[in-house]
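Trainee: Predicted model and sequence follow; I will ask about them next.
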Amino acid sequence: MTITKNVSLKSFNTFGIEAKAESFCDITSTKALREILKEQHSNPLFILGGGSNMLLTQDIEALVLHLNIKGIEVVSETENSVIIKAMAGENWHEFVLWCLECNYGGVENMSLIPGNIGTTPIQNIGAYGVELKDVFVSCEAISIANQTTKTFTKSDCKFGYRESIFKQELKGQYIITSVNLKLTKVNHKLHVHYGAIKTELQASCINNPSIQDISKAIITIRQSKLPDPKEIGNCGSFFKNPIISTEQFTELQENFPEAPSYKVSDTEVKVPAGWLIEKAGFKGKRFKNYGVHNKQALVLVNYGNANGKDISELAKLIQETVKRIFNVTIDAEVNII
C-alpha cells in the first residue's frame, strides 16, 4: 500500500475537473482497506469509487482511498436464478455486460449507467423502470471507525428513489466492499414499456426481445442523448426527477397542460426534471467552457477545463429558476464537494 502526496484527481472523476488530493491510496483488497482504516480512521478520509457521481469544487484536504477491489463470482444458483457477488471496484456497465454474456437477467435496463458497483446501493441506481433494489440481496461493508464487516440486507438499506441508509443515517460511516444480486437464468421479467424502449425495439423489427436486445436498445437510446464522459466531462443525470403530490401536479397543469408525469402512487407523481429544465430555457445553454447538454437537459457538461464552482453555480441557477417558474423543487443527484 503506497500513499502518494498531492495527486491530481482529474482522471478519477467523470466531470474531468482538475482538483488535487492531499494524499491518495489505491485500495485493491479488503485486507488492505482494513489495514489503512486501522491506521488512518481518525484522520480525514475521502472514499472514491468510479468518480461518476460527484462534482469537485475544491481540492480534497484528506487521504483519498480509491476503491479498486475487483472480482465477480457466483455465490449460489438454482435452476431459475443465480446470486452473484461483485466487488466494489468493478465497473457497473462492464458487470451488466458480463451478466448478459451469461444470460443472467434483471440488470439489462440499467445498461450504461456510469460508476462502480460499490456506490450502486448508496444511490439505489436505476433507469428505464428498474432500480437496483429490484435485484438486490445484500451488501458487505466495513465500518470506518472499528473496521468490522457488516452485511446489510435489502430492508436494512432502506432504499428509496435514489436514496438509501448510506446517504442518510449511516452517511460516512461504512465503506461498501461488495454487493450480492439475485438474477434470473430463465423466464426473464422484461421491462420494455418505459421511455423509448418499445419504439427502439420496433425500429429494429424486434417483437420478442431478449434481455440482450433490451440492453442494446437502451445503450442506443442513452448514447443518442447522453454525452460520453471520455469526450465531454459529465456525470450523467445531474438532477433527480421530482416527486410531487397530485394536487401540486394539478396546479402545474393549470399553467402547463402539456407537463408530462409518471404515476408513483395514488397521491404522488414523478415529473421529468429534464422537461422542467428544458422548458425553463436551459437546454443547450453554454457558458464559456461549461453548460447544459444540447440533447439532454438533465446533463451538465464540462467542455474543457471548467472549474467545479462554476458548474455548481449553474446548478443552483437552474434550481432557482425551475422553482420560480413551476414552484417545483429539483434536487441534485450528484454529490457536490
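Mentor: That came in fine, so what should we check first?
Trainee: okay, CA-based contacts and neighbour counts for the rest of this
Mentor: OK.
Trainee: Low-confidence ranges, the stretch 151-300 of the chain, go.
Mentor: 195 (pLDDT under 70).
Trainee: Tell me where it has strands.
Mentor: With DSSP state E, counting those that start in this stretch as the criterion, the stretch 151-300 of the chain has strands at 174-184, 233-234, 243-245, 262-263, 268-270, 286-287, 290-292, 300-302.
Trainee: May I have the residues that are in contact with the residue lying closest to Gly50 once chain neighbours are set aside?
Mentor: Nearest residue to Gly50 in three dimensions, chain neighbours excluded: Gly115, at 4.6 Å (Cα to Cα, 6 or more residues apart in numbering). Residues in contact with Gly115 (Cα atoms under 8 Å, 6 or more residues apart in numbering) are 49-53, 91-93.
Trainee: what do you get if the cut-off is 6 Å, keeping everything else the same?
Mentor: 50, 52, 92 (Cα atoms under 6 Å, 6 or more residues apart in numbering).
Trainee: tell me the SS of the first one?
Mentor: Right, the one you point to is Gly50. Here Gly50 is recorded as coil under DSSP: H, G, I helix; E, B strand; the rest coil.
Trainee: any idea of the pLDDT on it?
Mentor: For Gly50, the model assigns a pLDDT of 85.
Trainee: and among the strands of the stretch 151-300 of the chain, the most buried is which?
Mentor: strand 300-302 (a mean of 28; mean count of other Cα atoms under 10 Å).
Trainee: Report all helices and strands that that strand contacts.
Mentor: Strand 300-302 sits against strand 233-234, strand 290-292, with contacts defined as 3 or more Cα pairs under 6 Å, 6 or more residues apart in numbering; DSSP states H and E.
Trainee: Quickly run through the sheet partners of it, with directions.
Mentor: Using DSSP bridges, the strands paired with strand 300-302 in its sheet are strand 233-234 (antiparallel), strand 290-292 (antiparallel).
Trainee: what residues does the longest one touch?
Mentor: To tie it back to what came earlier, the one meant is strand 290-292. 283-285, 300-303, 306.
Trainee: With distance to Ala273 as extra columns, can I get those residues in CSV?
Mentor: Output for the contacts of strand 290-292, formatted as CSV (distance: Cα to Cα, whole Å):
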residue, distance to Ala273
Lys283, 12
Gly284, 15
Lys285, 16
Leu300, 13
Val301, 16
Asn302, 20
Tyr303, 22
Ala306, 24
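Trainee: So for Glu101, which of the strands paired with strand 300-302 sits nearest?
Mentor: strand 233-234 (28.3 Å; Cα to Cα).
Trainee: okay, now Gly274: neighbour count?
Mentor: 20 (other Cα atoms under 10 Å).
Trainee: Over to the one 4 residues further on?
Mentor: Neighbourhood size, Glu278 [other Cα under 10 Å]: 19.
Trainee: which helix is the longest one in this structure?
Mentor: helix 308-326 (DSSP state H).
Trainee: Which helix or strand lies directly C-terminal to that one?
Mentor: Next along the chain after helix 308-326, taking DSSP states H and E as the criterion, comes strand 335-336.
Trainee: And Asp134, how far from Gln319?
Mentor: 30 Å (Cα to Cα, to the nearest Å).
Trainee: picking that back up, now, among the contacts of strand 290-292, which is nearest to Lys171?
Mentor: Among the contacts of strand 290-292, and counting by Cα to Cα, the member closest to Lys171 is Leu300, at 25.3 Å.
Trainee: What's the end-to-end length of stretch 142-151?
Mentor: Terminal residues of stretch 142-151 lie 9 Å apart, using Cα to Cα.
Trainee: which other residues reach that stretch?
Mentor: 34, 139-141, 173-175.
Trainee: Not counting sequence-adjacent ones, nearest residue to Ile336?
Mentor: Among residues not flanking Ile336 along the chain, Leu55 sits closest, at 4.8 Å (Cα to Cα, 6+ apart).
Trainee: Look at Asp134 and Gln319 and report which has more neighbours.
Mentor: Neighbour totals were compared for Asp134 and Gln319, and Gln319 leads with 19 against 15 (other Cα under 10 Å).
Trainee: that older thread, redo the strands of the stretch 151-300 of the chain as TSV? Include distance to His191.
Mentor: As requested, the strands of the stretch 151-300 of the chain are exported to TSV (distance: least, Cα to Cα, whole Å):
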stretch	distance to His191
strand 174-184	14
strand 233-234	27
strand 243-245	21
strand 262-263	15
strand 268-270	18
strand 286-287	36
strand 290-292	30
strand 300-302	28
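Trainee: center of this structure, which residue is that?
Mentor: For the chain, the residue nearest the mean C-alpha position is Ile125 (5.0 Å; Cα atoms, centre = their mean).
Trainee: Would you map out the domains in this protein?
Mentor: 3-67, 72-184, 233-336 (automatic domain parsing).
Trainee: Now do the end-to-end distance for the last one.
Mentor: The stretch domain 233-336 measures 15 Å between its terminal residues, going by Cα to Cα.
Trainee: What of the first one?
Mentor: By Cα to Cα, the extent of domain 3-67 from end to end equals 14 Å.
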